[in-house]
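Student: the following block contains a protein sequence and its predicted model.
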Amino acid sequence: MENTKRAGIIVIVLIFIAILLILLIPILSNKYTYTSPNGEKFTFAKARVGELTMHILTTYTTYKGDLTNYKQVIPLINGPKTLEEIEVQKNINNKILNKKFVYITLDPNFKGDAVIASIDIAKVLGTADYSVFKIPTQGAFTYSNNVNSTITPIITCNNANNDIGVILLNLSKENKIYSSRECVILEATTYDNLIKVADRLVYNLLGVM
């Protein structure tokens, strides 16, 4: 129950930070450019939020049947340069972006840091105005601990198929992103590294890395 309350508080704080950063983006300094593997340049700005340094990516998105370029402002905890050593399986994006619905699932007893990792992914995948891909996305747990059973879906890699995407967050012995059939698995050695691996996936989805 304590972890669930903490996760809820973290979600509220992160939403507040995201809104604040979007409002402040025109006056942010410390800008830098990161060049993707295919030569495309992406503009970032760094901003301090308390003791935390956020890396804010500004990019533009078009949607089917609409030629308008929509500005997207995406705050992440980690910049791309620090994530280059994290291994990502080739063509992993196809296991996510081609789906009609995506679940981001994790152990219900994980610390709130794991929720931060899932939020970083969801805010890019989801259907909110500030999201990029507009795929219906929902958080889930891998099993019930008798606290979340009525409010949070129970989802594992076994639920992944051609239409339903599943992103599993897991603690293990390596920092990497790979797939098992239609399920995408993010592994990390620590909670801090789990956020890094999640941010690495976001940059991969956006074509930054």
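Tutor: Noted; the coordinates are in hand.

Student: which helix or strand contains V124?
Tutor: Per DSSP states H and E, V124 falls inside helix 112-125.

Student: how distant is that helix from the center of its chain?
Tutor: Helix 112-125 sits 5 Å away from the centroid of its parent chain (C-alpha atoms, centre = their mean, to the nearest Å).

Student: what packs against it?
Tutor: Helices and strands touching helix 112-125, by 3 or more C-beta pairs under 8 Å, 6 or more residues apart in numbering; DSSP states H and E, are helix 2-24, strand 66-76, strand 101-106, strand 137-141, strand 164-171, helix 191-206. Yep, even glycine has a C-beta here, placed from its N, CA and C like the rest.

Student: where among these is average confidence lowest?
Tutor: For the helices and strands packed on helix 112-125, mean pLDDT drops lowest on helix 2-24, to a mean of 51.

Student: what residue lies at the spatial centre of the protein?
Tutor: I121 (1.6 Å; C-alpha atoms, centre = their mean).

Student: ok, that residue touching I167?
Tutor: Yes. Checked against C-beta atoms under 8 Å, the pair I121 and I167 is within contact range at 6.4 Å.

Student: who touches both of these two?
Tutor: 104, 201 (C-beta atoms under 8 Å, 6 or more residues apart in numbering).

Student: how near is T58 to K71?
Tutor: Going from T58 to K71 by C-beta to C-beta, to the nearest Å gives 7 Å.

Student: if you count what's nearby, which of these two comes out ahead?
Tutor: It is T58, of T58 and K71, that has more neighbours when counted by other C-beta atoms under 10 Å, with 15 against 11.
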